[in-house]
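S.K.: the following block contains a protein sequence and its predicted model.
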Amino acid sequence: MAYIAEIILPVYLKNVFHYLIKEEDFPNIQKGKRVLVPFGKSNKIYTGMVYKIYESHEHFHELKYVHQIVDEVPIFQTVQLDFWNWVSEYYCCSLGEVMLFALPNHLIIHTQTHVTFTEQIHSLDINTLTDKEKSVIDFLSSKEFISYEKLKNQFSDYVIKKLLQKQIIEIKTQVVNPYKPKIKTFIFINYPQLEQQFSSNNPSELITSAIQNTKSENHQKVLLYLLQNDGVEKQFLLNKLEISESVLKSLEKKSWISLEKYAIDRVQLRNSSIIQQELSLEEKSLCQEWIHKIENSTSWSPTVFFHDLGNNRIQFYVEWFKKWIEKGKQILFLVPEIAFTDKFVIELQNHFQDQLGIYHGKINDNERVEIWYKVFLKEFKIVIGVRSALFLPFTDLGLILIDEEQDSNYKQEEKNPRMNFKDSAIYYSKMLNIPIILASQTPSIETYYQTQIGKYNIIKYLKNSQLKESQVIIKDLKSEIALHQTVGLFSEYAYKSIFQQKLKKHVSIIFVNRKGYAPKIVCNACGHVHFCPNCDIALTYHKQIHKLKCHYCGFQEDNIYFCKNCGSNDLAYEGFGTEKVEEQLYSIFLNFKIARLDSENFKTKKQLSDFLQSIQKKEIDIVIGTQLITKLLHLDNIELLVVLLADIMLHIPNFRAFEYTFQFLRQLIYDFDLPNQENKQLVLQTRVPKHQVFEYLFKDYAEYYHEQITLRQELDYPPFTRLIELQILHPNQNILHYSINNFEKLLKNSYSEYILGPSIPHVSKLKNYYRIQYLIKIPKGQNPSKIKEHIQKAFKDFLILEKDRYFRIIINVDPK
DNA sequence: AGCACGCCGACT
DNA sequence: GTCGGCGTGCTC
């Protein structure tokens, strides 16, 4: 009889792996702990997650042993691993991929292999070696630490193998824990030494004697300071007393002080000073009522909070959060994106101080680990975070709140697991049997539908402040261009308004949906468009850095001055992004101070907060920017917002295009707080001014919803069907197109009535892979997991048939 | 997906 | 004898 553990490994393989458990490890091994296991031919050490433990007497002789158990206690609860499993099944990816995504990088321990000389090197006769071998020896002795990988890059496998055979070099593996605590040095008075030297046990007497015993003024300063502040942090002391490190060094040499190193928290409290707005008594009692309703519903179901509170909603959230913290529960507050300057973060910090964790993409790997542990140890009662915060190891989660529920960023499509974090959070909260609140000012069609059929509860809090028609100005670009009324990219109205704002010393904001200078470079001589070498998409010109970039794969190259096809220098920069608009603004609005705000030129928190300050100080007249500008809209000297191409999203090939555009525009209206501030204006420039989406802005949400839901039903789109998007990829276009028939036969041998396609996707080649796609529309009531299994089986059979390992499949469940 | 292994052709 | 390329098979 043997004990076997099922281990999840962070590799792109479908299965879990089985390992034998050493007898001495058996009492200690547990589901949810990390273990180190040897894997592959070279027995490289991987970090795995114990998923199951069982007894068996079959086939255990072929198995390897668990090398080591990493954790003292399980770092994930059973329910969390069950959730991983659900994600992997629902979104058709491996448990390993879920693990890779769920666990911070620095919690994945790996091995480093490096190459060293053996003892034999001393007795080695250099002349017996070939030139190549000698150069390897030279290379190795020139550096202290050489990884095996590096050596392999530098020299041929053959030479390395030879040297290994001759036992001149050897490969050593070393387990590396990537997490590095932040170490700071603290300074202490070395009292025992002083006591010995000056025979006293009174601290101030000792210091006085010491001071009298040194001529250095700096030494005296330090000792005096330490008398009051023993154990001060080194850097702080150096700055405070304006001394250099050598002063401390010489004191240490005398053994009068000691320097000690400690790990400290990176996660530290940031102070802020915003006056807290309080809810009215009436609002507070409303909150009570809602909480009561949420807590006392007979069966579990999500609650939709449909409101028009704008940024004030955070006050309500705080009120709810307090209730759950009182109960000793943890809270997860998911938001589509956050920056440190975020009003919400500041507000939450005011209320919850060091009980608040902030989790977003810009946090570095080490800090991530610290946050992770604070959540695990329940030091953080509440976490505001972006989607991946869903995988944090809450031990006592009591509430999930999803803000901006309608935001499509909750769906991840770039990599596996291609999951929707909103839907997954709903499922997770069901597993935990805890309440979940989906908050929105413009609920998504699908979410609202669930409230209509009674699956979700709804709390409506709508003040219905009416938007005046005069506040949203829709300008017809097409006709203005025809009549030569436009000024550059601006309608006459927008142009004049910007001048008026300047007279009022206000800032005008211009929204453009695209980064860079121009999204397309076309040769005027031969018509050649400059494409990304890896993708079927034109390169975007970024003028500021003189580079061409692919926004899909990240490819970058230096700007070109001549057409790569015909050599002509007559190149046209078609279309526009923020940079081009900025350039045009300078020529139209002379003597205006203009600033551009996009993720290209604002990489740090400080840049952004400095920028906010300069706006408040009225040092800027016009800001041009992408999505980030929504962070400015609450500032008080801003009354004009111009959207250059308001309809751009209407034209994307997606059944939700209308919904996205509507949500986007409504969101701008709320972020800008138009209904409550009559002096503000939103100018929407469009080529389709009569489009229905603009009409709906002035109408009730219900009207928009009914129209849209009817359309969805007629066209068999969600929520009336479930969609799976399927892409088959191959680096060779011909092979792909030739073989697709074989795949199709396998795919369509069942469920063919639900399968639409094949079709060429919007971008036909991405990262050097050509793609063909299918859309599968599964009617309600059909079991989608059967169909998912069928798809995966079809692809597996297809691979066996084709014997070509370059085929890949992407299964995108519930696509955007 | 990564990696080792083995076969092959090429070059000295 | 030396070297790199590429196809293949496997990972408990």
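M.R.: Arrived safely, thanks for sending.
S.K.: from now on I want contacts and neighbour counts done on CA atoms only, so please keep to that.
M.R.: Noted.
S.K.: for residue A:60, give me the pLDDT.
M.R.: Note on residue A:60: pLDDT of 60.
S.K.: likewise for residue A:651?
M.R.: Residue A:651 is given a pLDDT of 88.
S.K.: give the contact list for the residue nearest to it when sequence neighbours are not counted.
M.R.: Excluding the flanking residues, the one nearest residue A:651 by Cα to Cα, 6 or more residues apart in numbering is residue A:657, at 7.0 Å. Shown in contact with residue A:657 (Cα atoms under 8 Å, 6 or more residues apart in numbering): A:649, A:650, A:651.
S.K.: residue A:732 now?
M.R.: A:769, A:770.
S.K.: which positions in the stretch 151-300 of chain A make contact with DNA strand C?
M.R.: Counting by Cα under 7 Å from any atom of the strand, the positions of the stretch 151-300 of chain A adjacent to DNA strand C are A:155, A:156, A:157, A:158, A:159.
S.K.: burial count for residue A:705?
M.R.: By the measure other Cα atoms under 10 Å, the count of residues near residue A:705 is 20.
S.K.: I figured it hits residue A:445, correct?
M.R.: Yes: Residue A:705 lies in contact with residue A:445 (Cα atoms under 8 Å); the separation is 6.5 Å.
S.K.: what's in contact with stretch A:240-258?
M.R.: With Cα under 8 Å, 6+ apart, stretch A:240-258 has contacts from A:187-191, A:193-194, A:218-219, A:221-222, A:238, A:259.
S.K.: out of those, who's nearest DNA strand B?
M.R.: Of all the contacts of stretch A:240-258, DNA strand B sits closest to residue A:259, with 41.0 Å by Cα to the nearest atom of the strand.
S.K.: output the top strand by length along chain A as PDB, nothing but the C-alphas.
M.R.: Among the segments of chain A that qualify as a strand by DSSP state E, the longest is strand A:44-56. What follows is strand A:44-56, C-alpha atoms only, in PDB (Å, rounded to 0.1, in the frame of the first residue of the first chain):
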ATOM      1  CA  LYS A  44      13.700  19.700 -12.700                       C
ATOM      2  CA  ILE A  45      12.100  20.800  -9.500                       C
ATOM      3  CA  TYR A  46       8.600  22.400  -9.800                       C
ATOM      4  CA  THR A  47       6.300  23.900  -7.300                       C
ATOM      5  CA  GLY A  48       3.000  22.000  -7.200                       C
ATOM      6  CA  MET A  49      -0.200  22.200  -5.300                       C
ATOM      7  CA  VAL A  50      -1.500  19.200  -3.500                       C
ATOM      8  CA  TYR A  51      -5.000  18.600  -4.900                       C
ATOM      9  CA  LYS A  52      -5.800  15.100  -3.600                       C
ATOM     10  CA  ILE A  53      -4.400  12.400  -1.400                       C
ATOM     11  CA  TYR A  54      -5.300   8.800  -1.700                       C
ATOM     12  CA  GLU A  55      -4.200   5.200  -1.000                       C
ATOM     13  CA  SER A  56      -3.400   2.800  -3.800                       C
END
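S.K.: okay, and for the stretch 51-200 of chain A, where does confidence drop off?
M.R.: Scanning the stretch 51-200 of chain A for pLDDT under 70 picks out the ranges A:59-61.
S.K.: DNA strand B contacts on chain A?
M.R.: Proximity of chain A to DNA strand B (Cα under 7 Å from any atom of the strand) is limited to residues A:11, A:12, A:13, A:40, A:41, A:42, A:808.
S.K.: got the phi and psi for the residue nearest to residue A:651?
M.R.: Backbone torsions of residue A:657, given as degrees, to the nearest 10, read phi -50, psi -40.
S.K.: out of the contacts of stretch A:240-258, which comes closest to residue A:27?
M.R.: For the contacts of stretch A:240-258, the residue nearest residue A:27 by Cα to Cα is residue A:259; the value is 41.1 Å.
S.K.: pretty sure that closest one is touching residue A:230, no?
M.R.: No: between residue A:259 and residue A:230 there is no contact, the gap being 11.3 Å when judged by Cα under 8 Å.
S.K.: more crowded one of those two?
M.R.: A count of neighbours by other Cα under 10 Å puts residue A:259 above the other of residue A:259 and residue A:230, at 19 against 16.
S.K.: show me the contacts for that one.
M.R.: Applying Cα under 8 Å, 6+ apart, the residues near residue A:259 are A:185, A:186, A:187, A:188, A:252.
S.K.: and the closest residue to the second one other than its chain neighbours, how many neighbours?
M.R.: So the one you mean is residue A:186. On the basis of Cα to Cα, 6+ apart, the spatially nearest residue to residue A:186 that is not a chain neighbour turns out to be residue A:233, at 4.3 Å. By other Cα under 10 Å, 18 other residues sit near residue A:233.
S.K.: what's near enough to touch residue A:233?
M.R.: Each residue near residue A:233 by Cα under 8 Å, 6+ apart is listed here: A:184, A:185, A:186, A:187.
S.K.: nearest to residue A:751 among those?
M.R.: Distances from residue A:751 to these, taken as Cα to Cα, are shortest for residue A:184 (62.6 Å).
S.K.: if I look at the closest one, how far off is residue A:241?
M.R.: Note on residue A:184: its distance to residue A:241, by Cα to Cα, to the nearest Å, is 18 Å.
S.K.: over to residue A:230?
M.R.: 14 Å.
S.K.: what do you get for residue A:501?
M.R.: From residue A:501 to residue A:241 the distance is 50 Å (Cα to Cα).
S.K.: picking up where we left off before, shared neighbours of residue A:705 and residue A:445, which are they?
M.R.: By Cα under 8 Å, 6+ apart, no residue touches both residue A:705 and residue A:445.
S.K.: and the residue of the stretch 251-400 of chain A that's closest to DNA strand B?
M.R.: Closest point on the stretch 251-400 of chain A to DNA strand B, by Cα to the nearest atom of the strand, is residue A:365, at 19.1 Å.
S.K.: quick check: closest non-adjacent residue to that residue.
M.R.: Nearest in space to residue A:365, with sequence neighbours left out and distances taken as Cα to Cα, 6+ apart, is residue A:106 at 6.0 Å.
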